[in-house]
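Colleague: Sequence plus the predicted model coming up.
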Amino acid sequence: MVKTALLFAGQGAQCVGMGRDFTAQFPSAKDLFVKSREILGFDLAGICFDGPEDELTRTQNAQPAIFLTSWVAFQLLKEKVPNLPYHATAGLSLGELTALTAAGVFSFEDGLKIARRRGQFMQEACELTKGSMAAVLALDAVILREVCRATDVDMANLNCPGQIVISGETDKIASACEQAKAKGAKRAVMLPVAGAYHSRLMASAQPKVKSMLDAADLQVPTLPVISNVTALPHGGPDDIRQGLAAQVVSPVRWEDSIRYLLAQGFTRFIELGPGTALSGFVKRIDKTATILNVADVPSLEATLKAL
């Protein structure tokens, strides 16, 4: 039996037009986009389809938009392959909410609302601080950790061999980039983001996220969902609440998460949602893994053919 893990896209994957071709071809996809307006009270579909880009990129819009598009991709895959077995889920940052929803922890409605409010809380934290992020390429993690300590910034996303994202105050991130390049990094580039995600600068968002999750209805996951914080499967609802609250200010251990799945015998990964960033990370971690994705109608058709 092939062990399959579903991977859900995170913030940064958004692009104007995402989901539009799904709705043009599949009534079930159109229904979900229409339903999102009823749930949230504003036209999220219009922002997904038509932007403008700066509106879609705003954290409080990007997070529910990616959640929604990823969920539609997941539902279409199940619709076309009703008996597709999948044995674990994982998601990058925001995508962890979608992964938990796919495992029955949240209803679609609650997951979408939580994604929207999480985005609002994180946007508020961005506006209270002057933070940035940068991608550092081809520098050993031990050396980069020393650079982070020296410049007082945090490691935010440990994505794959040779790619780590750092996060912190803007001037300190600029200094860390210069030091990283001096230590041998191939590149160290500032990212076009609103703030310093997965760092201590998100601390004001953490209690708001915790309070929101404490009031939410969570179920026990129906299959393993890998935590960004521990790179191990979540436990029950209380453990999930704690992990999601910690995730706001903690590094995303994506490479460790994929290596855990590989060690458990997973050989096929299906990325769901806009973009192919997660597929690229998995390929860098294990070139032998089978990687498929569903981001639009052509990639859905290619994945169906491969399955």
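Modeller: Noted; the coordinates are in hand.

Colleague: Now do the nearest residue to residue 168 once chain neighbours are set aside, the pLDDT please.
Modeller: Residue nearest to residue 168 in three dimensions, not counting chain neighbours: residue 153, with 3.2 Å by Cβ to Cβ, 6 or more residues apart in numbering. The C-beta positions use only the backbone N, C-alpha and C, and glycine is treated the same way. Here, the pLDDT recorded for residue 153 equals 98.

Colleague: Can you get me a residue count around residue 153?
Modeller: 27 (other Cβ atoms under 10 Å).

Colleague: show me what contacts it?
Modeller: 166, 167, 168, 169, 172, 173, 176, 199 (Cβ atoms under 8 Å, 6 or more residues apart in numbering).

Colleague: next one: residue 101
Modeller: Going by Cβ under 8 Å, 6+ apart, the list of residues near residue 101 reads 67, 71, 107, 108, 110, 111.

Colleague: which SS state does it fall under?
Modeller: Here residue 101 is recorded as helix under DSSP: H, G, I helix; E, B strand; the rest coil.

Colleague: circling back to that earlier point, any chance of JSON lines for the contacts of residue 101, columns pLDDT?
Modeller: Shown next, in JSON lines, are the contacts of residue 101 (pLDDT from 0 to 100):
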{"residue": "67", "pLDDT": "98"}
{"residue": "71", "pLDDT": "98"}
{"residue": "107", "pLDDT": "98"}
{"residue": "108", "pLDDT": "98"}
{"residue": "110", "pLDDT": "98"}
{"residue": "111", "pLDDT": "98"}
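
Colleague: picking that back up, I'd like the distance between the residue nearest to residue 168 and residue 136.
Modeller: Residue 153 sits 11 Å away from residue 136, going by Cβ to Cβ, to the nearest Å.

Colleague: likewise residue 6?
Modeller: Taken as Cβ to Cβ, the span from residue 6 to residue 136 is 28 Å.

Colleague: again, but for residue 212
Modeller: For residue 212, the distance to residue 136 - Cβ to Cβ - is 32 Å.

Colleague: cool, and residue 90?
Modeller: For residue 90, the distance to residue 136 - Cβ to Cβ - is 23 Å.

Colleague: Keep only those of the contacts of residue 101 that are in helices.
Modeller: 67, 71, 108, 110, 111 (DSSP state H).

Colleague: can you pick the most crowded of those?
Modeller: That'd be residue 67 among those, by other Cβ under 10 Å, with 31 neighbours.

Colleague: from what I can see that residue touches residue 111, true?
Modeller: Yes. Using Cβ atoms under 8 Å, residue 67 makes contact with residue 111 at a distance of 6.4 Å.

Colleague: So for these two, which residues contact both of them?
Modeller: With Cβ under 8 Å, 6+ apart, residue 67 and residue 111 have common neighbours 97, 98, 101.

Colleague: how many other residues sit next to the first one?
Modeller: Okay, so that is residue 97. 28.

Colleague: Could you dump the contacts of residue 101 into CSV with distance to residue 219 added?
Modeller: Shown next, in CSV, are the contacts of residue 101 (distance: Cβ to Cβ, whole Å):
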residue, distance to residue 219
67, 18
71, 17
107, 9
108, 13
110, 10
111, 12
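
Colleague: of all the residues you listed, which comes closest to residue 141?
Modeller: Set against residue 141, the nearest of these by Cβ to Cβ is residue 67 (29.5 Å).

Colleague: ok, now how distant is the residue lying closest to the closest one once chain neighbours are set aside from residue 62?
Modeller: Spatial nearest neighbour of residue 67, excluding adjacent residues (Cβ to Cβ, 6+ apart): residue 115 at 4.0 Å. Distance of residue 115 to residue 62, computed by Cβ to Cβ: 9 Å.

Colleague: Mind checking which of these two has more residues around it?
Modeller: Set side by side, residue 115 and residue 62 show more neighbours around residue 115, with 28 against 25, by other Cβ under 10 Å.

Colleague: which residues does residue 170 contact?
Modeller: By Cβ under 8 Å, 6+ apart, the neighbours of residue 170 are 130, 131, 132.

Colleague: where's the residue nearest to residue 168 relative to residue 120, distance?
Modeller: 25 Å.

Colleague: phi, psi of the closest residue to residue 180 other than its chain neighbours?
Modeller: Nearest residue to residue 180 in three dimensions, chain neighbours excluded: residue 188, at 4.4 Å (Cβ to Cβ, 6+ apart). Backbone dihedrals for residue 188, given as degrees, to the nearest 10, come out at phi -150, psi 100.

Colleague: That'll do, ta.
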